[in-house]
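Engineer: requesting a structural model of the entry that follows:
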Amino acid sequence: MNTFPSQPVLQGALDALPLFIPALPFAFVFGVVVAEAGIPELLGWSSSPIIFGGAIQVTLFTLIGEGASVAAAVSAALIVGARHMLYSVTLAPRFQNQPTWFRWVGAYVLIDQVFVLSQIKPIDEPVAFRRYFLAAGFTFWALWMIFTALGVALGPVIPTEWGVEFAAPVLFVSLMMAASNRRDKLCSAAVAMGLTYFFAALPSRAGILVAVIFSVCLMLLFTRKQSI
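Structural biologist: As a prediction, this is how the structure comes out:
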């Protein structure tokens, strides 16, 4: 049953706030990575508005800090971000009846949390969907800009025993569980996790790309069968 909030902008912003809480330690992890990579703080933080993807940012700067070439670091970061292909395939039908400007702006704020909200609170009415989506997306955007700046400034002084490096896997597992509300999604997620583990030894984290491509094809197959 589709939801239709009477105030989609306010609802989108409010729904975004709880999902940002697990991302708070992730922002400080990003700050630690920037410091360890020896990258100027302002330059490191500038990746937030340019890329706006925590996992991609952390992968990029981690590999640069470990001495990888820029080409290798960028390639690995793109592979980590390849999961967005699955998001795009899923949301494509709902973007088709939207104006061109929204297809560009909406794609910019299509992060993991916004995708999850679009799945657990589906809205078919185009205008309401657009307002809800952008409100949730730019709420995350504003908070990410603020807290990655704090992370760059304060992350290096956080004691290692706090274990903030566990923020990333905890965040993604919680998002996966929130979005996996159907058997086909659970099956695709399980297959993706299994393939990622099986191909973990591939260079430049290419196993993630293999898992994403296979899970996208699997979801397309499920979707096609359901439409027949």
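Engineer: in contact with the spatially closest residue to Gly44 that is not a sequence neighbour, which residues?
Structural biologist: Spatially, and ignoring its direct neighbours in sequence, Gly44 is nearest to Val34 (3.4 Å; CB to CB, 6 or more residues apart in numbering). Glycine gets a C-beta too; all of them are placed from N, C-alpha and C. Applying CB atoms under 8 Å, 6 or more residues apart in numbering, we find Val34 in contact with Glu41, Gly44, Trp45, Phe61, Gly151, Val152, Gly155.
Engineer: where's the fourth one, which helix or strand?
Structural biologist: Using DSSP states H and E, Phe61 sits within helix 54-65.
Engineer: quick one: mean pLDDT over that helix.
Structural biologist: The pLDDT scores in helix 54-65 average 81.
Engineer: make residue 1 into 600 and carry on from there
Structural biologist: Okay, using 600 as the starting number, the last item reads as helix 653-664.
Engineer: quick one: the helices in the chain?
Structural biologist: Counting by DSSP state H, the segments of the chain that form helices are 607-619, 622-635, 640-644, 646-650, 653-664, 669-679, 683-694, 699-707, 711-719, 725-753, 766-778, 782-797, 805-826.
Engineer: report the buried residues of the first one.
Structural biologist: I take that to be helix 607-619. The neighbour-count check on helix 607-619 (16 or more other CB atoms under 10 Å) flags Pro607, Val608, Gln610, Gly611, Ala612, Asp614, Ala615, Leu618, Phe619 as buried.
Engineer: could you verify my assumption that the fifth one touches Trp740?
Structural biologist: By that I understand Ala612. No. Counting by CB atoms under 8 Å, Ala612 stays clear of Trp740, with 11.3 Å between them.
Engineer: all set now, cheers.
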